[in-house]
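Colleague: quick one: sequence and predicted model below, then my questions.
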Amino acid sequence: MDLEIAQRAVTTITKGVTVTLTLVGISVAIGFCLGLCLAMMRVSSSRLLQKIAEYYSAIFRGTPLLVQLFLFYYGLGQFEFVRNNPVLWWVIGGGLNCAILALSLNTAAYTSEILRGGLMSVPVGLIEAAKAAGMSRALRFRRIEFPLAIRQALPAYSNELILVVKGTSLASTITVMEITGHAKRLMSQTYAIFEIFAIAGLFYLVINTLLVLVVRRIETRLTRYQTASR
């Protein structure tokens, strides 16, 4: 390995870390909120809401993220009403905003399935007891259903967070200069493929490792009462 190129690669790729973390942070925040709404729609008594959430999940889980990025960035920009609408064009016209949109909608589909499984794992007896105690639907969800569901869903959700981090690498295909974007640019200048992308991979590995540690810490905190009772 050429140490000079490796040092240059570290310096260059570091410039994209902030963009990558921005993509992950905003996309996960939006995706979780939307995914929670979709999960609640899936377990609701309304057949219409169930179908809407089901079709949404099927579309975004059944198509590649790269295709979704291209459709949003290159496809929607062809429509005149999108170009003439300041808000829509602000979202679609910029690579970073468009990548956040695609990542958010994509992770929301997976998150909804994870949270739906968590909500369905809540014991029926606890829900019936809450009803008998006179709890409202909102209070029951806030105090019983959601806390229990998130404990069950957190291990699987940590895998989704890792996939989001890796998915940000596709944002480089729509001109976003995150970790992979800077790596590709440097590779085109030096042709040192192995050194540059090995270091880029290490950056993703470090981010994902730290993310897993944070999730495990949260999981331990949420299940501390179960551990103490054993």
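Modeller: Good, I have the coordinates.

Colleague: for the longest helix seen in the chain, which positions count as buried?
Modeller: Longest helix in the chain by number of residues (criterion: DSSP state H): helix 193-222. Neighbour counts over helix 193-222 (16 or more other C-beta atoms under 10 Å) mark Glu195, Ile196, Phe197, Ile199, Ala200, Phe203, Tyr204, Ile207, Asn208, Leu211, Val215, Glu219 as buried. Yep, even glycine has a C-beta here, placed from its N, CA and C like the rest.

Colleague: by contact count, what packs against that helix?
Modeller: helix 3-14, helix 17-42, helix 146-167, helix 179-190 (3 or more C-beta pairs under 8 Å, 6 or more residues apart in numbering; DSSP states H and E).

Colleague: so which of those gets nearest Arg116?
Modeller: Each of the helices and strands packed on helix 193-222 has some distance to Arg116 by C-beta to C-beta; the shortest is helix 17-42, at 4.4 Å.

Colleague: where in this protein is pLDDT low?
Modeller: Per-residue confidence for the chain (pLDDT under 70) gives these ranges: 1-2, 224-230.

Colleague: returning to what we had before: list just the nearest of the buried residues of helix 193-222 to Glu113.
Modeller: Minimum distance to Glu113 across the buried residues of helix 193-222 is 17.8 Å, recorded for Val215 (C-beta to C-beta).

Colleague: surely that closest one meets Ser158?
Modeller: Yes - because the distance of 4.1 Å satisfies C-beta atoms under 8 Å, Val215 is recorded as touching Ser158.

Colleague: angle of the longest helix of the chain against helix 146-167?
Modeller: Inter-element angle recorded for helix 193-222 and helix 146-167: 170 degrees (by axes from the mean of the first three to the mean of the last three C-alpha atoms, to 10 degrees).

Colleague: if we can go back for a sec, with distance to Phe141 added, can I get the buried residues of helix 193-222 in a markdown table?
Modeller: Converted to a markdown table, these look like this (distance: C-beta to C-beta, whole Å):
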| residue | distance to Phe141 |
| --- | --- |
| Glu195 | 51 |
| Ile196 | 48 |
| Phe197 | 45 |
| Ile199 | 45 |
| Ala200 | 42 |
| Phe203 | 39 |
| Tyr204 | 36 |
| Ile207 | 33 |
| Asn208 | 31 |
| Leu211 | 27 |
| Val215 | 23 |
| Glu219 | 21 |
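
Colleague: can you tell me which of those is nearest Ser136?
Modeller: Nearest to Ser136, judged by C-beta to C-beta, of the buried residues of helix 193-222 is Glu219 at 28.7 Å.

Colleague: what separates the closest one from Tyr157, distance-wise?
Modeller: 10 Å (C-beta to C-beta, to the nearest Å).

Colleague: for Trp111, which non-adjacent residue is spatially closest?
Modeller: Let me fix one detail, which is that residue 111 is Thr and not Trp. Gly35 (2.9 Å; C-beta to C-beta, 6 or more residues apart in numbering).
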